[in-house]
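**Q** build the 3D model from these lines:
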Amino acid sequence: MDKFWWHAAWGLCLVPLSLAQIDLNITCRFAGVFHVEKNGRYSISRTEAADLCKAFNSTLPTMAQMEKALSIGFETCRYGFIEGHVVIPRIHPNSICAANNTGVSRMSFNLLIPEWLIILASLLALALILAVCIAVNSRRRCGQKKKLVINSGNGAVEDRKPSGLNGEASKSQEMVHLVNKESSETPDQFMTADETRNLQNVDMKIGV
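**A** As a prediction, this is how the structure comes out:
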């Protein structure tokens with residue numbers, strides 16, 4: 001007898017604890033169809049909805065059962081799971097319920113978007129923006145313009161004029177240099193060893 005009362009007391013302690021953990025909101029039944037919310041709005045997944053129906057000795061309704069319940073007055077402003085769809089039954093139009101539509105409105109996507117999916121999409125968007133910024137910056141650094149300078153080997157590049165030597169000597173002294181347009185150095189600083197040697201040969205010919 002003492003054991004029975006001990007179990008009864010323990011059960012009474014567990015009842016308020018379980019009620020505190022699960023908060024159910026159940027609507028009236030229309031043709032056997034009713035709407036249940038657990039711990040707030042849209043906190044039940046499809047699997048949990050099926051399990052919750054089993055706890056009430058029932059199953060998820062079909063579209064035909066939902067339309068029959070709607071015809072006798074079943075109306076909510078909450079989406080709910082039925083067999084194969086997520087629907088909201090509306091009799092009277094309301095701008096905040098089913099986008100002002102009436103009837104059994106079906107959703108083409110799941111309302112409960114996982115939080116990890118939102119975070120992943122944000123990270124991918126951030127990585128794409130950073131990649132574009134790096135590509136633009138690299139293009140600015142590498143896209144330097146070049147200009148073509150014809151160096152005839154006589155004086156500065158700006159003041160070079162054809163000398164009195166024959167055409168073959170002048171042609172042999174022409175050197176082509178690619179000079180950075182943004183460089184501040186003078187063109188004479190880009191004189192190569194071949195150009196210096198050619199100038200020395202010209203001086204020797206003139207001396208002879």
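**Q** can you list the domains in the protein?
**A** 2-106, 146-207 (automatic domain parsing).
**Q** ok, of those, where does mean pLDDT dip lowest?
**A** Ranked by mean pLDDT, the domains of the chain bottom out at domain 146-207, which scores a mean of 52.
**Q** all helices for the protein, in order.
**A** 2-21, 46-55, 63-71, 115-142, 167-172, 193-207 (DSSP state H).
**Q** quick one: average pLDDT of the longest one?
**A** Averaging pLDDT along helix 115-142 gives 79.
**Q** how far away is residue 78 from residue 107?
**A** 12 Å (CB to CB, to the nearest Å). Quick note: C-beta positions are derived from backbone N, CA and C, even for glycine.
**Q** hey, what's in contact with both of these two?
**A** residue 88 (CB atoms under 8 Å, 6 or more residues apart in numbering).
**Q** how long is stretch 95-106 end to end?
**A** Taking CA to CA, to the nearest Å, stretch 95-106 runs 16 Å from one end to the other.
**Q** show residues contacting that stretch.
**A** Contacts for stretch 95-106 (CB under 8 Å, 6+ apart): 63, 66-67, 70, 77, 85-94.
**Q** contacts only, for residue 67.
**A** Neighbour list for residue 67: residue 104 [criterion: CB under 8 Å, 6+ apart].
**Q** any idea what residue 105 is bridged to?
**A** Taking DSSP bridges, one obtains residue 88 as the residues bridged to residue 105.
**Q** from residue 87, how far off is it?
**A** The value you get for residue 105 to residue 87, if CB to CB is used, is 6 Å.
**Q** more neighbours: which of the two?
**A** residue 87 (22 against 16; other CB atoms under 10 Å).
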